[in-house]
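> Dropping the sequence and predicted coords here.
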Amino acid sequence: MTTSLLNQLSALVGDVFSAQGLEASLGRVVISQRRELGQFQCNGALAAAKAAKKNPRDIAQGIVAGLEETGHFSDLSLAGPGFINMRLTDDYLSRHFAALSSDPYFGVRADHTPEKVILDFGGPNVAKAMHVGHLRATIIGESLRRLRVFLGDSVVSDVHFGDWGLPMGLLIKEIELAKPDLPYFDTNNKGPFPETSPVTVDELQELYPAASSRSKEDPAFLEAARAATYELQQGHAGYRALWQHMLNVSVAETKIDFDLLGAYFSEWKGEADTNEHIPVMLKRLKNEGLSEISDGAVVVRIEEDDDKKDMPPLILQKSDGAVMYGTTDLATIEMREADHQPNTILYVVDARQSLHFEQVFRAARKCKSVNENAHLEHVGFGTVNGKDGKPLKTRDGGVVRLRNLIEDAIAEARKVVVDAGMGDKFDAATLDDIATKVGIAAIKFADLSNQRMSNYVFDLERFTKFEGKTGPYQMYAAVRIKSMLRKAKEQGLNPGDLKITADAERNLILALSQLPEATEAAAEKNAPHILCDHVYTLTQEFNSFYHDCHVLGEEDPTVRASRLTLCAITLQQIEAVLSLLGIDVPERM
């Protein structure tokens, strides 16, 4: 399995350091920030000099002498007090590229230790249309899921539906007010109940705001909703049947949005799935002295001696017996530990929920709900804002539905592709497919190219441009290469062995070789923008190569065949990285 070029070079230079009685780790090699000085750089001589109490330049000269003997470098030079600049021979670079091109993962998996990872993202709720707030959770979560699979991890993705708690009680009582004769409200009726839902998803989305408003104005209604919530959780047959209907129609609706965004979930569990486990967990925590009663509520105290801010306890059960979000989240962790024994659990949720997750994670550690070596992390993110710099709203100040946002992006993309002259080149079905892919690419790349904790302004006109750092631009670069390779095949021209003849080729190969570092850093920091940066660099280097080097018009057949190979591998990697971002590339544009 091909290891990354930087790791190969670091090992090589480390051996030279070691041969001179110095720490091998000092041989770490990085990409040079000054291309005119070299392709790579090693700064270990400075640290070595400090430890050995020698002149760093003298140490660097000794390292250079050792590296010259390997025959792998076309140029070695010193700069400043002891920086070592390196340039590889074309032979070494060609051999690495040959190995890289034969690996479908481009050396990414060679240096990664596989893990069992659970990704909790999406977070839709029963009776609520998915809105702009779900956009980032879904796009970021799906990208991280694809990245982890690409790295070789075993990944479980769970949508974690919001399907329990007081909102369900509010809905039950609101439906009862609207349709009191339904069989679900007869306490003597134990079933069977109708198979068809008495409410549609559109009705639910009107009922919930009405119930929420009513609960704020009518204390008796709120109390009745709380009682209904408790009865639901205790197994009231009619309420359970009505709840199942509400869940089913809500899941069917959210799947449409998730399908449009290409999000995949291996588990469609929700808060309700913890209902049977919660009593068991509460009993254990009580018996082990991990929970206590405070003002009638069951809590777990999680403050630590070195806290610099107040850390309130995690409330597991209110004085009226109702459980909280923290209860279902803690129970979910225990069930995930039992079912999957994960190394890592990632929660892709709005940054504003940071305190909640800190409480839950501390409780999970204290209560031994998860293996002590498991990594729990809240992957927070900023908001999607309008051009006024405030969270994106509709013109009348309402919440922007996710479906509408996606449809607007596709409509804008269709306008752009038609204006670009594609309307006359393709039939209606193909044009629809291109517009959909461009629209989704525009949304996803715009979101993921930002550091996830940053807020960003939603600007469809800018996002859908076929220029600059946009999804459509990266997509179009891949389509251009596809077109070139098709023409080559039509002309009977075939790829061949690599033969490096120009700096633009070298620079493109070096850009291709940096994918292992990009993917590992993106996974370590849960930062898809690193992948966006990589693919943008790749398309820029390809454009420079295409400008400087003839491909189909090259007269030397061996050089032409070599460049066709370089084009094919570049296309393969661009498509692979765009796929990690959730972007599909059409065959033609």
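On my side now, so go ahead.
> Helices of the stretch 201-350 of the chain, residue ranges please.
All helices of the stretch 201-350 of the chain, identified by DSSP state H, counting those that start in this stretch, fall at 201-217, 219-234, 237-260, 277-287, 325-340.
> Now do the shortest one against helix 325-340, angle only.
The reference is to helix 277-287. Here the directions of helix 277-287 and helix 325-340 differ by 100 degrees (axes from the mean of the first three to the mean of the last three Cα atoms, to 10 degrees).
> and the angle from helix 277-287 to helix 219-234?
Using the same axes, to 10 degrees: helix 277-287 against helix 219-234 is 90 degrees.
> Which positions within helix 277-287 qualify as buried?
Buried residues in helix 277-287, counted by 16 or more other Cβ atoms under 10 Å: His277, Ile278, Met281, Leu282, Leu285. Every C-beta, even on glycine, is put in place using the N, C-alpha and C of the backbone.
> check contacts around the fourth one.
What that stands for is Leu282. Leu282 makes contact with Ser291, Val298, Leu316, Gln317 under the criterion Cβ atoms under 8 Å, 6 or more residues apart in numbering.
> Emit the PyMOL select command for whichever of these are buried.
Those of the contacts of Leu282 that count as buried under 16+ other Cβ under 10 Å are selected in PyMOL with:
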select buried, resi 291+298+316+317
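> Just give me the closest of the contacts of Leu282 to Asp120.
Taking Cβ to Cβ as the measure, Asp120 lies nearest Leu316 of the contacts of Leu282, at 19.4 Å.
> Identify the residues contacting that closest one.
Contacts of Leu316 by Cβ under 8 Å, 6+ apart are Leu282, Leu285, Ser291, Ala297, Val298, Val299, Val300, Val323, Met324, Gly326, Thr327, Leu330.
> any chance of the residues you listed in JSON lines, plus pLDDT and distance to Asn371?
Output for the contacts of Leu316, formatted as JSON lines (pLDDT from 0 to 100; distance: Cβ to Cβ, whole Å):
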{"residue": "Leu282", "pLDDT": "97", "distance to Asn371": "21"}
{"residue": "Leu285", "pLDDT": "97", "distance to Asn371": "18"}
{"residue": "Ser291", "pLDDT": "97", "distance to Asn371": "21"}
{"residue": "Ala297", "pLDDT": "95", "distance to Asn371": "28"}
{"residue": "Val298", "pLDDT": "96", "distance to Asn371": "24"}
{"residue": "Val299", "pLDDT": "96", "distance to Asn371": "24"}
{"residue": "Val300", "pLDDT": "97", "distance to Asn371": "18"}
{"residue": "Val323", "pLDDT": "86", "distance to Asn371": "24"}
{"residue": "Met324", "pLDDT": "87", "distance to Asn371": "24"}
{"residue": "Gly326", "pLDDT": "93", "distance to Asn371": "20"}
{"residue": "Thr327", "pLDDT": "95", "distance to Asn371": "21"}
{"residue": "Leu330", "pLDDT": "98", "distance to Asn371": "15"}
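> Just the closest of the buried residues of helix 277-287 to Pro219, please.
Ile278 (27.3 Å).
> you'd agree the closest one is up against Thr328?
Yes - using Cβ atoms under 8 Å, Ile278 makes contact with Thr328 at a distance of 7.3 Å.
> where in this structure is pLDDT low?
1, 397 (pLDDT under 70).
> Would you map the strands across it?
29-31, 40-42, 73-79, 83-88, 116-120, 154-158, 292-294, 297-300, 314-317, 344-348, 375-379, 384-385, 456-457 (DSSP state E).
> To Leu232, which of those strands lies closest?
Among the strands of the chain, strand 314-317 sits nearest to Leu232 (Cβ to Cβ), with 15.6 Å.
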